[in-house]
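Undergrad: Turn this into a model:
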Amino acid sequence: MKNVRISDVTLTKAGLSFREKLEIAKLLDKTGVNIVNFGKIADEKVDLLAVRTLGPIFTDTVFACDAGSSHESAEKVASALSTAKNPRLVVSIPVSSVQMEYVCGKKPADMLAVISDMVAYCASLCADVEFEALDASRGEYDFVCSAIKAAISAGAKTVTLCDTAGNMLPSEVGALVKKLFADLPELADTSLAVSCSNKLCSANASLIEAVCAGASEVKVSALGDDMPFVKAFADTVAVKGDSLGITVSANSMNLGQVCAQIVALASDKKAGSAFDNRVGSSLSGSTLGKDTDVATLRRAVEDLGYELSDDDVVKVYEAFARIAEKKMVTPRELDAIVASAALQVPPVYRLVNYVITSGNLIGSTPHVILEKDSIQLTGLSAGNGPVDAAFLAVEQITGHHFELDDFQIQAVTEGREAVGEAIVRLRAGGKLFSGKGVSTDIVGAGLRAYVNALNKIVYEENC
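TA: Model (predicted):
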């Protein structure tokens, strides 16, 4: 029986918050999928920290991340992946004429040089390198073969054939894979993966055809969306695997429950909200402007999950109005306004100091010192990544566990010494409390935001 490796791309979905990625990663690790893809690095400070935090979660699972388009980006991603037990760098490069020339502005010969250079450099940083041939289904066949040869020669262990446009029928996908194996003996010692868009609603069948033709790895999603649904693929193998001579390590029964949880996490929306869309707490959609009245703002704040007193609504509105005079206010910015303006209380706890050790061979271990009533309290803990570990150390000091509703991080200045801003949302007693922290160290910003939210909870409980 041929074991087909499942490569999950759920974490590449746009709009997922830090908390959602953390929870989804933990769920995916339980399913038995072989590879989890983080995707491209969009915001260096935010995404690289997320990669570093998520890495230790995966025990036997390969954790893959796009290396970007330069040596510098590859180095940064490789460093962030150092916390993972089984890291993989992915080199994603288009191989169709339309994307090479009009998206990348390069001729085929130049693109082959880029493929060889990036794959070779990534292979010097990481033992497991994947070459993703984007838009391969629309590429000139001879060039696609040349690109695959160049990648394998440079050190790629996996080659992914992408039907990015989603215009191939299952039989066409199978025929292409079969022809590649016939024409490229180099593929004999390389894992060939297939990624198919579900534009024609036949992606799952395309993957089965590809596997029967020789592919050994498939890209799927726990959300479905425009990608094949992992549960559908696993169910197909469970029913027809014996006759096709294929199997998967993922448990079909377990996948159903996990996928349902992931879908719920990624599609947490409230109908009729003041904002059009809500993905966890990474909000997108409508913005609010200077014509927004107090009633509309209150409803928008409630849609974010907050229950504010009349006095706090006034404070939030005043802060909102100052910003709205100059620009439209997004849901994420309103969240930060609430954290800054609402329920400002005298601090019960104060962050004194912290030290966090982390690496690819050891878990994250924090040493956090808080001060309460002029007495210094120390917390020692361990967790999945520096942020999770630091928060657990604070919980150890306070003796209370609060549900982390969301953790947002973003850069507020540019450059190597950029200042990071963190927003932490904690849920206690059915209510939501948010805190804000700023620091050149994003973990420090997160800790300050957590303590800020904690102080609001303590104040509320003692009133």
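Undergrad: From Val177, how far out is the closest residue to Val230 other than its chain neighbours?
TA: Ranked by C-beta to C-beta, 6 or more residues apart in numbering and with sequence neighbours excluded, the top spatial neighbour of Val230 is Val220, at 4.1 Å. (Each C-beta comes from the backbone N, C-alpha and C, glycine too.) With distances taken as C-beta to C-beta, to the nearest Å, Val220 is found 17 Å from Val177.
Undergrad: Look at the two and report which has more neighbours.
TA: Using other C-beta atoms under 10 Å as the criterion, Val220 and Val177 rank with Val220 on top: 26 against 22.
Undergrad: my read is the more buried one is in a strand, agree?
TA: Yes. Under DSSP: H, G, I helix; E, B strand; the rest coil, Val220 falls within a strand.
Undergrad: residue contacts, it?
TA: Ile6, Ser7, Asp8, Val9, Leu207, Met227, Pro228, Phe229, Val230, Phe233 (C-beta atoms under 8 Å, 6 or more residues apart in numbering).
Undergrad: Asp47 too?
TA: Contact analysis of Asp47 by C-beta under 8 Å, 6+ apart lists Phe38, Ile41.
Undergrad: so what pLDDT did it get?
TA: What the model reports for Asp47 is a pLDDT of 87.
Undergrad: Secondary structure class of it, three-state.
TA: The local conformation at Asp47, judged by three-state DSSP, is helix.
Undergrad: What separation is there between it and Leu265?
TA: Taking C-beta to C-beta, one finds Asp47 at 19 Å from Leu265.
Undergrad: Next: Ile423.
TA: Counting by C-beta to C-beta - Ile423 and Leu265 are separated by 18 Å.
Undergrad: out of the two, which sits in the busier spot?
TA: The neighbour comparison of Ile423 against Leu265 (other C-beta under 10 Å) goes to Ile423, with 26 against 21.
Undergrad: Surely that one and Leu432 touch.
TA: No. Judged on C-beta atoms under 8 Å, Ile423 makes no contact with Leu432 at a distance of 11.7 Å.
Undergrad: Can you list the low-confidence ranges for this protein?
TA: 102-103, 252-253, 267-286, 343, 359-362, 410-420, 440, 463 (pLDDT under 70).
Undergrad: Most distant residue from the centre of it?
TA: Distance from the C-alpha centroid of the chain, by C-alpha atoms, centre = their mean, peaks at Ser374 (40.0 Å).
Undergrad: phi, psi of that one?
TA: phi 70, psi 10 (degrees, to the nearest 10).
Undergrad: How about the one 3 residues further on?
TA: According to degrees, to the nearest 10, the main-chain angles of Leu377 amount to phi -120, psi 140.
Undergrad: How about the contacts made by it?
TA: Ile369, Leu370, Glu371, Ile397.
Undergrad: In strands, which of the contacts of Val220 fall?
TA: Using DSSP state E to define strands, the subset of these located there is Ile6, Ser7, Asp8.
Undergrad: Buried residues, stretch 88-103. List them.
TA: With burial defined by 16 or more other C-beta atoms under 10 Å, the residues of stretch 88-103 counted as buried are Arg88, Leu89, Val90, Val91, Ser92, Ile93, Pro94, Val95, Ser96, Ser97, Gln99, Met100.
Undergrad: Mind telling me the two of these farthest from one another?
TA: Arg88 and Ser97 (28.3 Å; C-beta to C-beta).
Undergrad: how about the helices of the stretch 51-200 of the chain, start to end?
TA: Using DSSP state H, counting those that start in this stretch, the helices of the stretch 51-200 of the chain run over 71-80, 97-102, 108-125, 141-154, 170-183.
Undergrad: Distance to Asp242 added to those, as TSV?
TA: TSV is the format used below for those (distance: least, C-beta to C-beta, whole Å):
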stretch	distance to Asp242
helix 71-80	40
helix 97-102	40
helix 108-125	37
helix 141-154	31
helix 170-183	20
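Undergrad: To Glu403, which of these lies closest?
TA: helix 71-80 (26.9 Å).
Undergrad: quick one: contacts of that closest one?
TA: In contact with helix 71-80 (C-beta under 8 Å, 6+ apart) are residues 41, 44, 48-49, 51-52, 55, 65-68, 87, 89, 118, 121-122, 125-126.
Undergrad: Then stretch 336-347?
TA: By C-beta under 8 Å, 6+ apart, stretch 336-347 touches 301, 304, 306, 308, 312, 315-316, 318-320, 323, 329, 421, 423, 433-436, 449, 451-453, 455-456, 459-460.
Undergrad: from what I can see Ala453 touches Gly437, true?
TA: No. Applying C-beta under 8 Å, one finds Ala453 not in contact with Gly437, separated by 9.3 Å.
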